[in-house]
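> Any chance you can model this:
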Amino acid sequence: MIIDVNTFLGEWPFRKLSGDADTLLRIMAKCKVDLALVSSLNAIFYKDCEEANIWLKHILQRSKSLIGICTINPYFPNSLEHLHECINEMGMVGVKIHPSYHGYSLENNNVIGQFFEECSKAKIPIIVPLRIQDERSHHPASRIPPISASQIISAARKNSDLKIIVCNARSNEISQICMKNNELNNLYIAFSWVQSLNFIEKMVKNIGSDKLLWGSNFPINYMEPMLRQVTESRIDDEDKEKILAENAKKIFPIERSI
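Take a look at the predicted model:
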């Protein structure tokens, strides 16, 4: 079984993408990906994420292979109410946040602290993409800096009951985060942007495979080469199974949405 924990549907304002459900399902079939956890690209840019989450829910009804991840801006009015609506009424199994695009940091204050606490109580993990697109390719009028690894580490340390999945991190950022692996049992990494040779092999050797997942960042990235980074790595089949599906099945309440 293969689960992609980091995909999007929707429009990207800076170039044309095939971010529709039919294309995603076709590529999943080609790559033999069984399930995709999907969030909305539109929610990154909409002032009100609720509109994008409702749109996404209607799209996901087309296939049981697509499972919803809601996007929440903790600083938007009624965000906690909408969080519970997404979980309890829409059946979404996780939350994705975009601090850089929505204009806040992960420093622990009353707003962020309460948001993390609500996610923890609901036993819903949070996905944090450090970036969406390589910042060297950003439109000149919209250069969005990546989230720092230090912010992620600090948030995980202060919210030990909350499972946090980092994605779209470069190899050096992953290495920085994994230096804290032994003390932060709630911090996971989804491979999407691995660039250095034999990096996955080194990660599995150094920290094991229990905290590692796979996500393609479709449609910003191509799914197949992202998947081959794992399938063609020189690690045991058991480790590949954990990265490609088993760890995700333990973290996300997927069974309630299938």
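> If you count neighbours, what's buried in the helix or strand of the chain with the lowest mean pLDDT?
For the chain, counting by mean pLDDT, DSSP states H and E, helix 171-178 ranks last in confidence among helices and strands (a mean of 82). Neighbour-count burial for helix 171-178, counted by 16 or more other C-beta atoms under 10 Å, picks out 171, 173-178. In short, each C-beta sits where N, CA and C put it, glycine included.
> CA atoms only: put stretch 192-208 into CSV for me.
What follows is stretch 192-208, C-alpha atoms only, in CSV (Å, rounded to 0.1, in the frame of the first residue of the first chain):
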residue,chain,number,x,y,z
SER,A,192,9.1,15.6,-0.7
TRP,A,193,12.2,17.6,-1.4
VAL,A,194,15.1,15.3,-0.8
GLN,A,195,18.0,16.4,-3.0
SER,A,196,21.2,14.8,-1.9
LEU,A,197,22.4,11.4,-3.0
ASN,A,198,21.6,8.5,-0.7
PHE,A,199,19.9,10.8,1.8
ILE,A,200,17.0,8.5,2.6
GLU,A,201,19.4,5.6,3.3
LYS,A,202,21.4,7.8,5.7
MET,A,203,18.2,8.9,7.5
VAL,A,204,17.0,5.4,8.0
LYS,A,205,20.4,4.3,9.2
ASN,A,206,20.7,7.2,11.6
ILE,A,207,17.2,7.5,13.1
GLY,A,208,15.2,4.6,11.8
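> ok, and what's touching that stretch?
Contact partners of stretch 192-208, identified using C-beta atoms under 8 Å, 6 or more residues apart in numbering, comprise 6, 167-171, 174, 178, 181, 189, 191, 212, 214-217, 221, 226, 229-230, 233-235, 239, 243.
> close enough to count as contact, Ile127 and Thr71?
No: Ile127 is beyond contact range of Thr71, at 9.5 Å (criterion: C-beta atoms under 8 Å).
> between the two, what contacts are shared?
With C-beta under 8 Å, 6+ apart as the test, Ile127 and Thr71 both reach 39, 95-97.
> Quick check: of those residues, which has the highest neighbour count?
Per-residue neighbour counts (other C-beta atoms under 10 Å) across the shared contacts of Ile127 and Thr71 peak at Ser39, which has 28 neighbours.
> In the sheet, which residues pair with that residue? Tell me.
Phe8 (DSSP bridges).
> show me what contacts it?
By C-beta under 8 Å, 6+ apart, the contact list for Ser39 reads 7-9, 56, 68-71, 96, 127.
> same thing but at 10 Å, please
If you count contacts by C-beta atoms under 10 Å, 6 or more residues apart in numbering, Ser39 has them with 6-10, 49, 52-53, 56, 68-71, 92, 94-98, 127, 129.
> Burial check on the closest residue to Lys123 other than its chain neighbours, number of neighbours?
Excluding its sequence neighbours, the residue lying closest to Lys123 (C-beta to C-beta, 6 or more residues apart in numbering) is Pro253, at 7.1 Å. With neighbours defined by other C-beta under 10 Å, the count for Pro253 comes to 17.
> what's near enough to touch Pro253?
Neighbours of Pro253 in contact, by C-beta under 10 Å, 6+ apart: 67, 87, 91-94, 122-125.
> can you check Ile147 too?
Counting by C-beta under 10 Å, 6+ apart, Ile147 touches 97-101, 105-106, 128-131, 155, 166, 168-169, 173.
> run the last query once more with 6 Å
Contact analysis of Ile147 by C-beta atoms under 6 Å, 6 or more residues apart in numbering lists 99-100, 130.
> Torsion angles phi and psi at the nearest residue to it once chain neighbours are set aside?
Closest residue to Ile147 apart from its sequence neighbours, by C-beta to C-beta, 6+ apart: Leu130 at 4.8 Å. Main-chain torsions, Leu130, degrees, to the nearest 10: phi -70, psi -30.
> Verify the contact between Asn73 and Cys49 for me.
Yes: using C-beta atoms under 6 Å, Asn73 is in contact with Cys49, at 5.4 Å.
> out of the two, which sits in the more crowded spot?
Neighbour comparison, Asn73 and Cys49: the larger count goes to Cys49, with 28 against 23 (by other C-beta under 10 Å).
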